[in-house]
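**Q** how does the following fold in three dimensions:
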Amino acid sequence: MSTDTSSAPDAAKAAHRHRIRNIIGGSAGNLVEWYDWYVYAAFTLYFAPVFFPAGDRTSELLSAAAVFAVGFVMRPIGAWIMGIYSDRNGRKAGLTLSVTLMCLGSLLIAVTPTYASIGALAPAILVVARMMQGLSVGGEYGASATYLSEMAGRKRRGFYSSFQYVTLISGQLIALAVLLVLQATMPEAELEAWGWRIPFAIGAVLAVVVFYIRRRLAETESFRNAQGTDKPRSSGLNLFRDHPKEAFLVMALTAGGTLAFYAYTTYMQKFLVNTSGFGRETASQVMTLALFLFMCLQPVAGALSDRVGRKPVMVTFGILGMVLTVPIFTALESVRDPVAAFVLVMASLVIVTGYTSINAVVKAELFPAHIRALGVALPYALANTMFGGTAEYVALWLKDVGMERAFYWYVAGMIGVSLIVYLRMRDTKHHSQILED
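**A** Here you go, the predicted model:
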């Protein structure tokens, strides 16, 4: 009687391919979601005068940044609604719903008439579209972070979950790449008049493609195992009643990291133009190259956390960010060489990698499966709204009142607050609530 000794290895290989296929599928959707979100920031310099014709660049950017912040206000609502939806109906269902909302928001921005055509109704429609995108991204973060963390195996969970920020950064990078292509192929007057609509239309089309990809994803084992148990249903009340320590821990560890991320990425492009004095094209080129290398660093740091733990990686970010943020921004004020600017920007992005690469898996590892998507999404979205969503507005307002350097100290101080949390928390790699391998 013969025994097929190859069946077990073949089954393991098939399971591994299944896992990788679903991680890639989930990540691809995340990329398009964040591309749609960041196109707004990448093209603000062009469409701000169209919707907010104040005649002064800082005032126009300030108005556009206020709408950017409105999108963040909607993120906790989206996190609450779709976090519960993902916990009750599945991670796959939550991911599909979030990309549908993003598609509608991008399409609305692409076709909205200008202020010159319809007056104050134009910025009002822009606000509505941004609110829809805020709902989408609020739900996307929790659903995708949970999906990738649950789909990844225990030994490489940090590595695979880091692809959430790989795709998040890729979305931002592609938005900048589209900007560079349009800058190279269109006269500036046309880009300011109507060319800025092109990337929003692209985002709407890509979101439709992702909708069909996400409908084909497999559900996670963690969600399936949580079904039919006697655990309380996912809700905001149950989250803060049953898991208050973990919920507030997510808010505290997010505060400094998300503020640093938005200061070093979305605001940095405007800083290079508005403070350092670089042209828009040069600033875009510097940020595109820096973000590409930043993206490549995420799996490296994620894999490192699988070896040494999550806590040492986050603590390193906290220490370096607290000490070096003010010197980096101060040096960038007077830099005139694009290469020197790139080196300084890259230094800040290397620092924040200690947060971005593993923050998703750390949050997912804090909560049991029946309330994990909401636990990851809602506290994060609250902190993200308060600190990440207001980063540009605070920076531009402080510049407008002549206190620009106060923003540097604000970022460094909030990183210091999160550092205290990193030092006091348990390492989730060794105390994970994700029980499945």
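**Q** next, count neighbours for Ala184.
**A** 8 (other Cβ atoms under 10 Å). The way it works is simple: take the backbone N, C-alpha and C, and place the C-beta from them, glycine included.
**Q** could you say what helices and strands the particular helix or strand that has Tyr165 in it packs with?
**A** According to DSSP states H and E, Tyr165 maps onto helix 163-185. Packing contacts for helix 163-185, counted by 3 or more Cβ pairs under 8 Å, 6 or more residues apart in numbering; DSSP states H and E, involve helix 7-42, helix 121-151, helix 197-214, helix 280-308, helix 338-356, helix 359-364.
**Q** show me what the helix or strand following the first one is packed up against.
**A** Read that as helix 7-42. Downstream of helix 7-42, the first helix or strand assigned by DSSP H and E is helix 44-51. Under the contact criterion of 3+ Cβ pairs under 8 Å, 6+ apart, helix 44-51 touches helix 57-89, helix 115-118, helix 121-151, helix 266-274.
**Q** between helix 44-51 and helix 266-274, how many degrees?
**A** 80 degrees (axes from the mean of the first three to the mean of the last three Cα atoms, to 10 degrees).
**Q** quick one: contacts of helix 44-51?
**A** Residues outside helix 44-51 that contact it (Cβ atoms under 8 Å, 6 or more residues apart in numbering): 60-61, 63-65, 68, 114-116, 122-123, 126, 191-193, 195-196, 270, 273, 280.
**Q** in PyMOL, select just the buried ones from those.
**A** A single PyMOL command is used to select the members of the contacts of helix 44-51 judged buried by 16 or more other Cβ atoms under 10 Å:
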select buried, resi 60+61+63+64+65+68+115+122+123+126+191+192+193+195+196+270+273+280
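**Q** at the geometric centre of this protein, which residue do we find?
**A** With distances taken as Cα atoms, centre = their mean, Leu168 lies nearest the centre of the chain, 5.3 Å away.
**Q** how far away is Glu436 from Val343?
**A** Glu436 sits 43 Å away from Val343, taking Cβ to Cβ, to the nearest Å as the criterion.
**Q** likewise Leu249?
**A** From Leu249 to Val343 the distance is 35 Å (Cβ to Cβ).
**Q** quick one, which of the two is more surrounded?
**A** Neighbour count, other Cβ under 10 Å: between Leu249 and Val343, Leu249 has more, with 20 against 15.
**Q** can you pull the phi/psi pair for the closest residue to the more buried one other than its chain neighbours?
**A** Residue nearest to Leu249 in three dimensions, not counting chain neighbours: Met425, with 6.3 Å by Cβ to Cβ, 6 or more residues apart in numbering. Taking degrees, to the nearest 10, you get phi -80, psi 160 for the backbone angles of Met425.
**Q** so who does Met425 touch?
**A** Met425 makes contact with 249, 253, 311, according to Cβ under 8 Å, 6+ apart.
**Q** figure out which of the helices and strands packed on helix 44-51 is closest to Gly389.
**A** Gly389 lies closest to helix 57-89 among the helices and strands packed on helix 44-51, at 2.4 Å (Cβ to Cβ).
**Q** any weak-confidence spans in the chain?
**A** Within the chain, the segments meeting pLDDT under 70 span 1-12, 15, 53-62, 68, 229, 437.
**Q** let's see 50
**A** Across the chain, the ranges flagged by pLDDT under 50 are 1-2.
**Q** thinking again about what came up before, which of the helices and strands packed on helix 163-185 is buried the deepest?
**A** Mean neighbours per residue, mean count of other Cβ atoms under 10 Å, is largest over those for helix 359-364, with a mean of 28.
**Q** circling back: tell me which of the helices and strands packed on helix 44-51 sits nearest to Gly105.
**A** Per Cβ to Cβ, nearest to Gly105 of the helices and strands packed on helix 44-51: helix 121-151, 3.7 Å.
**Q** so what does the helix or strand immediately after that closest one in the chain touch, helix or strand wise?
**A** Note on helix 121-151: by DSSP H and E, the next helix or strand toward the C-terminus is helix 157-161. Applying 3+ Cβ pairs under 8 Å, 6+ apart, we find helix 157-161 packed against helix 121-151, helix 280-308, helix 359-364.
**Q** which residues sit against helix 157-161?
**A** By Cβ under 8 Å, 6+ apart, helix 157-161 touches 23, 145, 148-149, 151-153, 299, 302-306, 310, 357-358, 360-361, 364-365, 429, 432, 434.
**Q** circling back: would you turn the helices and strands packed on helix 163-185 into JSON lines with distance to Arg224?
**A** As requested, the helices and strands packed on helix 163-185 are exported to JSON lines (distance: least, Cβ to Cβ, whole Å):
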{"stretch": "helix 7-42", "distance to Arg224": "13"}
{"stretch": "helix 121-151", "distance to Arg224": "10"}
{"stretch": "helix 197-214", "distance to Arg224": "17"}
{"stretch": "helix 280-308", "distance to Arg224": "25"}
{"stretch": "helix 338-356", "distance to Arg224": "29"}
{"stretch": "helix 359-364", "distance to Arg224": "16"}
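**Q** so which of these is nearest Phe407?
**A** helix 338-356 (13.5 Å).
**Q** what is the closest one packed up against?
**A** Checking 3+ Cβ pairs under 8 Å, 6+ apart, helix 338-356 ends up next to helix 163-185, helix 244-264, helix 266-274, helix 280-308, helix 310-334.
**Q** switch the cut-off to 10 Å
**A** Packing partners of helix 338-356 (3 or more Cβ pairs under 10 Å, 6 or more residues apart in numbering; DSSP states H and E): helix 163-185, helix 244-264, helix 266-274, helix 280-308, helix 310-334, helix 405-424.
**Q** what about Ser117, how many residues close to it?
**A** 10.
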